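[1] From the sequence below, what's the structure:
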Amino acid sequence: MKSIYEDISELLNKKIGESLEISKEINVKDLGDNRVKIKSPIFLEINFILSNQREVQADFKIEADLGLYCDRCLKEFNKKINSNFRQIYRTKKIRRQEDQEDNEEEIMPILPDQKVEIFEPMRQEILLTLPYKILCNEKCKGIKY
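    Next up is the predicted model:
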C-alpha cells in the first residue's frame, strides 16, 4: 500500500495552539479495494493544530471522485465523496486512561523525522464513507437477463 507523509517540523517548533494548513492533490491509482476506482486526483486540505508538545490534531477535508460498482446490476457509476474527519498524532506512545479504551488504534505516530502519514487515514475515511451495499440508485432492479 502506498504511503504519503507530510513534514510537520515547522509546526512542532511553534507555540501550543498554533496551526499549519496544507492543501494538496494526491494522485493514487487505487485504495486497496477492487470495488473502488479513483477517477481524478483526491483533493485534500489538512489543518494541523499543535495540541501540546507531543500531540498534533489534524482536521482533514477530502474531496474525491470515485468510480464504484453497483452490487445489484454490477454497472460502474460515479460518486463524489466529501468528508471531514479528525486524526490525532503523537510523538511517543503516552499511556493515558482514555487511550487504553477503543480510541488507541485511532492515534497515529509522529515519526522521528517529524513527519506524519496522511494517506492511510485518508484511505480509511474514504472507504468508511461508502455504504456496506453500494447501489447506483435505490431503485436499481439488478442484472437484467
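
[2] low pLDDT regions in this structure?
    In the predicted model, the chain carries pLDDT under 70 at residues 1, 92-105.

[3] And the helices in it, which stretches?
    With DSSP state H, the ranges of helices along the chain come out as 9-12, 119-129.

[4] so of those, which one's packed in deepest?
    When the helices of the chain are scored by mean count of other Cβ atoms under 10 Å, the highest mean neighbour count falls to helix 119-129 (a mean of 17). Heads up, the C-betas are built off the backbone N, CA and C, glycines and all.

[5] Counting by contacts, list what it packs against.
    Using 3 or more Cβ pairs under 8 Å, 6 or more residues apart in numbering; DSSP states H and E as the contact test, the elements touching helix 119-129 are strand 42-52, strand 55-69, strand 76-90.

[6] Output it in CSV, but only the C-alpha positions, please.
    Below are the C-alpha coordinates for helix 119-129, written out as CSV (Å, rounded to 0.1, in the frame of the first residue of the first chain):
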residue,chain,number,x,y,z
PHE,A,119,-2.5,8.6,3.1
GLU,A,120,-3.7,5.8,5.4
PRO,A,121,-6.2,7.9,7.4
MET,A,122,-7.5,9.4,4.2
ARG,A,123,-7.9,6.0,2.6
GLN,A,124,-9.7,4.6,5.6
GLU,A,125,-12.1,7.6,5.7
ILE,A,126,-13.0,7.3,2.1
LEU,A,127,-13.7,3.5,2.4
LEU,A,128,-15.7,4.1,5.6
THR,A,129,-17.9,6.7,3.9
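
[7] could I get the helices of the chain as CSV with distance to Tyr89?
    Below are those laid out as CSV (distance: least, Cβ to Cβ, whole Å):
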stretch, distance to Tyr89
helix 9-12, 10
helix 119-129, 9
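
[8] Now for the residue positioned nearest the centre of the chain: which residues touch it?
    Note on the chain: the residue nearest the mean C-alpha position is Met122, at 1.4 Å, using Cα atoms, centre = their mean. Residues in contact with Met122 (Cβ atoms under 8 Å, 6 or more residues apart in numbering) are Ile26, Ile42, Leu44, Phe60, Ile62.

[9] From Leu44, how far out is the last one?
    Plainly put, Ile62 is 6 Å away from Leu44 if you go by Cβ to Cβ, to the nearest Å.

[10] Thank you kindly, that will do.
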